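Engineer: Return a 3D structure for these sequence lines:
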Amino acid sequence: MNDNCLFCKIAGGQLPAIVLYEDEKLMAIMDAFPATKGHVLIIPKVHAENLYDLPEQTAAAILPLAQRIAIKIKCALKPDGVNIIQNNGKAAGQVVFHYHLHIIPRYKEDGVIIKGGHFTSTLEERAEIAGLILQ
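Structural biologist: As a prediction, the model looks like this:
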């Protein structure tokens, strides 16, 4: 636990949150600053700054929970879609430096913009990059 971390304080019960789910490893909470109605965060109870630091067993538990919550959101709120987003590092948009996964219900004309890049490459360049990644 990190004494200066917002999500560690929530996981430790020192700060309030609306908790949707909790077990020994994870919590799912309503985002205090939601992008849309029904925005949920999944946070591990163990402090990990980002995906790179997250214990593998904890990481393995996150996506099944995200799926269950997304299904419940779909049934309860009837969104037009859902984004599952996780940012690692300031350049990627991470603001709170404790791993967290966003489940954001999307509604037609909700005004939320999640923008993809426009990087282009040739097949050969992508093959070269894949080789570097797999080294």
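Engineer: From here on, just use CA atoms for contacts and neighbour counts.
Structural biologist: OK.
Engineer: who's in contact with the residue positioned nearest the centre of the chain?
Structural biologist: Central residue check for the chain by CA atoms, centre = their mean: the C-alpha nearest the mean position is that of residue 101, 1.2 Å away. With contact set as CA atoms under 8 Å, 6 or more residues apart in numbering, residue 101 has these partners: 41, 42, 43, 84, 85, 86, 87.
Engineer: Number of residues surrounding residue 39?
Structural biologist: 21 (other CA atoms under 10 Å).
Engineer: from now on call the first residue 503
Structural biologist: Got it, first residue is 503 now, which makes that one residue 541.
Engineer: what's the spacing between it and residue 522?
Structural biologist: Relative to residue 522, residue 541 is positioned 11 Å away (criterion: CA to CA, to the nearest Å).
Engineer: and for the two, which residues touch both?
Structural biologist: By the contact definition CA under 8 Å, 6+ apart, residue 541 and residue 522 are jointly contacted by residue 532.
Engineer: What does the closest residue to residue 596 other than its chain neighbours show for phi and psi?
Structural biologist: Once flanking residues are discounted, residue 596 sits nearest to residue 589: 5.1 Å by CA to CA, 6 or more residues apart in numbering. Summarising the backbone geometry of residue 589 under the convention degrees, to the nearest 10, its torsions are phi -110, psi 140.
Engineer: which residues touch residue 589?
Structural biologist: The neighbours of residue 589, taking CA under 8 Å, 6+ apart as the test, are 552, 595, 596, 602, 603.
Engineer: is it true that residue 548 touches residue 503?
Structural biologist: Yes. The pair residue 548 / residue 503 is scored as a contact, 6.2 Å apart, by CA atoms under 8 Å.
Engineer: Nice, that's everything, thank you.
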